[in-house]
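Engineer: Provide a 3D model corresponding to the input given below.
(one chain, ligands or ions: 1)
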Amino acid sequence: MIDTRPVTVAVVGYGYWGSKHVRVLSGRHDVSVVVVDESEERREAAATHHRGIGTASCLADALDVVDAVILATPPTTHAKLALTALHARKHVLVEKPLATSAADAENLVAQAAESGVTLMTGHTFEYNSAVAKLKEVVSSGTLGRILYIDAARLSLGRYQPDVDVVWDLAPHDISILSHLLDELPSAVSVWKQRNIGDRFADVAYLRMYFERAATHAVVHVSWLDPCKVRRVTVVGDQRMAVYNDLSDNERVRIYDSGVDIRGFDSEGTARTMPVTYRSGDIVSPYLYFQEPLQVQDDHFVDCVRTGARPRTPGERGLDIVRVLEAADAASASGGVEPVRGLVGVPPG
Ligand SMILES: NC(=O)c1ccc[n+]([C@@H]2O[C@H](COP(=O)([O-])OP(=O)(O)OC[C@H]3O[C@@H](n4cnc5c(N)ncnc54)[C@H](O)[C@@H]3O)[C@@H](O)[C@H]2O)c1
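Structural biologist: Here you go, the predicted model:
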């Protein structure tokens, strides 16, 4: 029997992303939402858009009346707010990144276990059916041996006040790539640069090594690019696949393309290009597409009701934070840094 007991969720932070959580949760008849935002203007905006919704100016004021909490506040506030909710034995979903240090993220995982509640991380792309299709393609061996992966997440903005572009955008790509390959990167190097303002880097390239797959991935993230790009290209020695999150109806394309080494049969061919190109069909598999945030938040509500372990538990958020910390260390050292202490949660 389907459990439809009402669940009350506090969404903390009614900004760009929190307002989307409120929209998807408000569409459910079995979920009540309380919006928590320290800004009066944002609380008024929530109350105007969603008639009858409860509001509060701080999390402590809402805790008595909710079963669960979703944190969509700036990253540096996550650890403190999540601890408050976990101490009160509330189930918690924290937006990416789970915390801004591995020590804080570890603390949250430990507190969730002690309180006996669910801690989930908002790795939205792991609830995206196009990413699931790409994973299916990679796992099936259709592409052959993975030679390298290239990911790009670029646009003009949105500059963040408390973290750099790596901590803001790369959690998405680290979560997608480790989900695709079923492993976390074991080493990382990074080049990043601050162009605007005096605080945080706004463009970066990360290079990650995936040991079991014996392959590298390069991730380009930027708040300073004229074009919006959300793309992952997986290059295999048999075929290649491109996931373009901005495409309306062809989010995943599989290219039957490649390059082969040409054999030499005489001295005369030694000066010609030593390769031949293969260009075949481009196939775009059918995808049943549901808004990933809706899928993620529905899953969270199910976990709250049933006590099931989420597909992206706190431990997975902790692992991604460890990769981000290794990227910081690599930026400081200018070299390649190992990613230490991974929990190694199998990606959902
Ligand atoms: N999963 C995704 O695809 C995705 C996309 C965008 C943002 N995010 C994440 O969502 C989070 C929020 O990002 P955003 O772009 O919506 O930020 P934002 O600045 O637009 O909104 C943050 C809101 O939080 C409120 N706030 C700040 N501190 C608070 C506190 N202590 N108590 C109550 N309210 C507080 C602010 O008043 C503001 O309304 C970040 O962690 C970001 O990384 C995730």
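
Engineer: below-threshold pLDDT in the protein: ranges please.
Structural biologist: Residues of the chain that meet the criterion pLDDT under 70 lie in 1-3, 264-271, 346-348.

Engineer: in it, where's the longest helix?
Structural biologist: helix 314-333 (DSSP state H).

Engineer: am I right that Val229 sits in a strand?
Structural biologist: Yes - counting by DSSP: H, G, I helix; E, B strand; the rest coil, Val229 is found in a strand.

Engineer: which residues sit in contact with it?
Structural biologist: Counting by CB atoms under 8 Å, 6 or more residues apart in numbering, Val229 touches Ala152, Arg153, Leu154, Ser155, Leu246. For every residue, glycine as well, the C-beta is placed using N, CA and C.

Engineer: what's the answer for Ala46, then?
Structural biologist: Tyr14, Ser19, Val22, Val35, Asp37, Ile53, Thr55.

Engineer: pick out the most distant pair among these.
Structural biologist: Longest distance between any two of the contacts of Ala46 is 12.8 Å, between Ser19 and Thr55; criterion CB to CB.

Engineer: how about the residue nearest to Asp168 when sequence neighbours are not counted, secondary structure?
Structural biologist: Leaving aside its chain neighbours, Asp168 sits nearest to Gln160 (4.9 Å; criterion: CB to CB, 6 or more residues apart in numbering). Put simply, Gln160 is coil when judged by three-state DSSP.

Engineer: what strand or helix carries Tyr148?
Structural biologist: strand 146-156 (DSSP states H and E).

Engineer: any idea how many residues pack against Thr77?
Structural biologist: 17 (other CB atoms under 10 Å).

Engineer: and this protein, what are its domains?
Structural biologist: Segmentation of the chain into domains, based on automatic domain parsing, reads 7-125, 126-291+323-338.

Engineer: can you give me the end-to-end span of the shortest one?
Structural biologist: For domain 7-125, the first-to-last residue distance is 24 Å (CA to CA, to the nearest Å).

Engineer: only alpha carbons, please: show the longest helix of the chain as PDB.
Structural biologist: The C-alpha trace of helix 314-333 is given here as PDB (Å, rounded to 0.1, in the frame of the first residue of the first chain):
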ATOM      1  CA  GLY A 314      25.300  12.100   3.200                       C
ATOM      2  CA  GLU A 315      28.400   9.900   2.700                       C
ATOM      3  CA  ARG A 316      28.200  10.500  -1.100                       C
ATOM      4  CA  GLY A 317      28.100  14.300  -0.400                       C
ATOM      5  CA  LEU A 318      31.100  13.800   1.900                       C
ATOM      6  CA  ASP A 319      33.100  12.000  -0.900                       C
ATOM      7  CA  ILE A 320      32.400  14.800  -3.300                       C
ATOM      8  CA  VAL A 321      33.600  17.300  -0.700                       C
ATOM      9  CA  ARG A 322      36.800  15.300  -0.300                       C
ATOM     10  CA  VAL A 323      37.400  15.600  -4.100                       C
ATOM     11  CA  LEU A 324      36.800  19.400  -3.800                       C
ATOM     12  CA  GLU A 325      39.300  19.600  -1.000                       C
ATOM     13  CA  ALA A 326      41.900  17.700  -3.000                       C
ATOM     14  CA  ALA A 327      41.200  20.200  -5.800                       C
ATOM     15  CA  ASP A 328      42.000  23.100  -3.400                       C
ATOM     16  CA  ALA A 329      45.200  21.300  -2.300                       C
ATOM     17  CA  ALA A 330      46.100  20.800  -6.000                       C
ATOM     18  CA  SER A 331      45.500  24.400  -6.700                       C
ATOM     19  CA  ALA A 332      47.800  25.400  -3.800                       C
ATOM     20  CA  SER A 333      50.600  23.000  -4.700                       C
END
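
Engineer: pull out the buried residues from that helix.
Structural biologist: 314-331 (16 or more other CB atoms under 10 Å).

Engineer: coming back round to it: what subset of the contacts of Val229 is buried?
Structural biologist: Ala152, Arg153, Leu154, Ser155.

Engineer: so what's the residue count around the residue lying closest to Pro274 once chain neighbours are set aside?
Structural biologist: Once flanking residues are discounted, Pro274 sits nearest to Arg262: 5.4 Å by CB to CB, 6+ apart. By the criterion of other CB under 10 Å, Arg262 has 12 neighbours.

Engineer: so where do the helices sit in the stretch 51-200 of the chain?
Structural biologist: With helices called from DSSP state H, counting those that start in this stretch, the stretch 51-200 of the chain shows them at 59-62, 78-87, 102-115, 129-140, 165-181.

Engineer: could you check the angle the third one makes with helix 78-87?
Structural biologist: Yep, that's helix 102-115 we're talking about. 10 degrees (axes from the mean of the first three to the mean of the last three CA atoms, to 10 degrees).
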